[in-house]
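1. need a structure here:
(one chain, ligands or ions: 1)
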Amino acid sequence: MLIIDGKKVSLDLKNELKASVDSYRAQTGKVPGLTVIIVGEDPASQVYVRNKAKTCKEIGMISTVIEMPADTTEEHLLKTIHELNNDLTVHGILVQQPLPKQIDEFAVTLAIDPSKDVDGFHPENLGRLVMGHLDKCFVSCTPYGILELLGRYNIATKGKHCVVVGRSNIVGKPMANLMLQKLKETNCTVTICHSATPNIAEFTKQADILIAAIGKAKFITADMVKPGAVVIDVGINRIEDSSTKSGYRLVGDVDYEGVSAVASAMTPVPGGVGPMTIAMLLKNTLQSFQRTNGL
Ligand code: NDP
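-> Below you'll find the predicted structure:
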């Protein structure tokens, strides 16, 4: 079975991005800038934001983190976003979710200028993705990372049946719509399953490419997978494990041990889809910089 190594691909990609940033710096004296806003002190969000900032600096981009207290008003957050929308040195704006309950997440998504929405969450970007205008939008980072993996591993997709389990706005829906597009890495017949799908195994067993974005540890078992299928595991779930120092470990939505005996190719967790997400965020930020500067 082929292990689709997201850790390696993300490192290659980061090296490529760094080379582009270095070359643009030499050419124009400017570099891309990403600003991340974090509201409150959610520990998982703090780790994500720290990692994004670190990776951003590693490849030579300007990284700014704006930390706001948990009682920040929606009005104040929106005002800050508006200022960043007008700041020519900022090419990407990201507001880390989840947000405290007094702030409407959708209002925040709408406030970000679509041309700086490097998360690809704004309806204008999602709409352009659905309509196939991929060169004029930002694709949500996790589905975009999966596209990159399928492309770099030359996974045959044209005319294949892709089953996506999960329909969230940030993973399942953009993923399924991407797989439907007429691209080299996609061009599939697509089925989307969710929590109201009865007999889900009947659908997953038909998948040539199975993408699991559910949020339930080891949900997809070997008996749900067609022999030879390509399996992409988006899930990141903590399960208790007394043998580790932390007392837990991370597993995907797919039962790796069982499914790896059936699948032809598969992403591991950790080290599969996860590392690609940050890399694609930086790729989107670079794209924003290129568009702004006509490069
Ligand atoms: P959401 O909770 O927003 O969506 C989960 C989806 O799975 C929903 O559409 C839900 O259906 C569906 N679902 C839940 N239970 C079942 C079930 N029993 N049978 C079938 N479908 C079910 O999660 P996200 O999309 O944000 O994330 C999914 C997973 O991916 C999580 O583990 C998350 O941590 C991980 N993730 C990983 C990233 C990475 O970089 N690797 C990035 C983002 C997420 P319904 O709509 O009916 O409720």
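
2. and the closest residue to the ligand within the stretch 1-150 of the chain, which of the three is it?
-> In the stretch 1-150 of the chain, no residue comes nearer to the ligand than Thr142, which is 4.2 Å away by Cβ to the nearest ligand atom. Where you see a C-beta, it was placed from the backbone N, CA and C, and this is true even at glycine. Thr142 carries the three-state label helix when classified by DSSP: H, G, I helix; E, B strand; the rest coil.

3. That one: neighbouring residues, count only.
-> Neighbours of Thr142 under the rule other Cβ atoms under 10 Å: 24.

4. One more: Ile214?
-> Close neighbours of Ile214, defined as other Cβ under 10 Å, add up to 23.

5. What parts of the stretch 1-150 of the chain come near the ligand?
-> Thr142 (Cβ under 6 Å from any ligand atom).

6. still on that earlier bit, correct me, but the residue of the stretch 1-150 of the chain closest to the ligand touches Val273?
-> Yes. In this structure, Thr142 is within contact of Val273 by Cβ atoms under 8 Å, at 6.4 Å.

7. elements contacting the top helix by length along the chain?
-> Taking DSSP state H as the criterion, the chain has its longest helix at helix 6-28. Applying 3 or more Cβ pairs under 8 Å, 6 or more residues apart in numbering; DSSP states H and E, one finds that helix 6-28 contacts helix 43-58, helix 141-152, helix 273-292.

8. Please give the element, helix or strand, for Val130.
-> According to DSSP states H and E, Val130 maps onto helix 123-131.

9. Just want the angle from that helix to helix 273-292.
-> 100 degrees (axes from the mean of the first three to the mean of the last three Cα atoms, to 10 degrees).

10. what's the overlap in contacts for Thr142 and Val273?
-> Val234 (Cβ atoms under 8 Å, 6 or more residues apart in numbering).

11. hmm, back to that, can I get the helices and strands packed on helix 6-28 in CSV with distance to Leu17 and mean pLDDT?
-> Listed next are the helices and strands packed on helix 6-28 as CSV, based on distance: least, Cβ to Cβ, whole Å; pLDDT from 0 to 100:
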stretch, distance to Leu17, mean pLDDT
helix 43-58, 10, 93
helix 141-152, 12, 98
helix 273-292, 5, 97
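
12. Between those helices, which one is closest to Glu75.
-> helix 43-58 (21.3 Å; Cβ to Cβ).

13. Give me the distance from the closest one to the chain's centre.
-> 14 Å (Cα atoms, centre = their mean, to the nearest Å).

14. and if you look at stretch 189-207?
-> Distance, stretch centre to chain centre, for stretch 189-207: 22 Å (Cα atoms, centre = their mean).

15. Give the buried residues for that stretch.
-> For stretch 189-207, burial by neighbour count (16 or more other Cβ atoms under 10 Å) applies to Val190, Thr191, Ile192, Cys193, Ile200, Phe203, Thr204, Lys205, Ala207.

16. near the ligand, from these?
-> By Cβ under 6 Å from any ligand atom, the members of the buried residues of stretch 189-207 lying near the ligand are Cys193, Ile200.

17. Tell me which of the buried residues of stretch 189-207 fall in strands.
-> Val190, Thr191, Ile192, Cys193 (DSSP state E).

18. so who does the third one touch?
-> Put plainly, it is Ile192. Val163, Val164, Val165, Arg167, Gly172, Lys173, Ala176.

19. ok but Leu210 is inside a helix, no?
-> No. Read with three-state DSSP, Leu210 is strand and lies in no helix.

20. ok, how many other residues are close to it?
-> Count around Leu210 with other Cβ under 10 Å applied: 28.

21. got the contact list for it?
-> Cys162, Val163, Val165, Thr204, Ile220, Val225, Lys226, Ala229, Val230, Val231, Ile232.

22. repeat for Ala70
-> Contacts of Ala70 (Cβ under 8 Å, 6+ apart): Val39, Gly40, Glu41, Pro100.

23. So among these, which ones count as buried?
-> Buried among the contacts of Ala70 (16+ other Cβ under 10 Å): Val39, Gly40, Pro100.

24. Chain neighbours aside, what residue packs nearest to Ala217?
-> Asn237 (3.9 Å; Cβ to Cβ, 6 or more residues apart in numbering).

25. which ones are touching the one you found?
-> Counting by Cβ under 8 Å, 6+ apart, Asn237 has contacts Gly215, Lys216, Ala217, Leu250, Val251, Gly252, Asp253.
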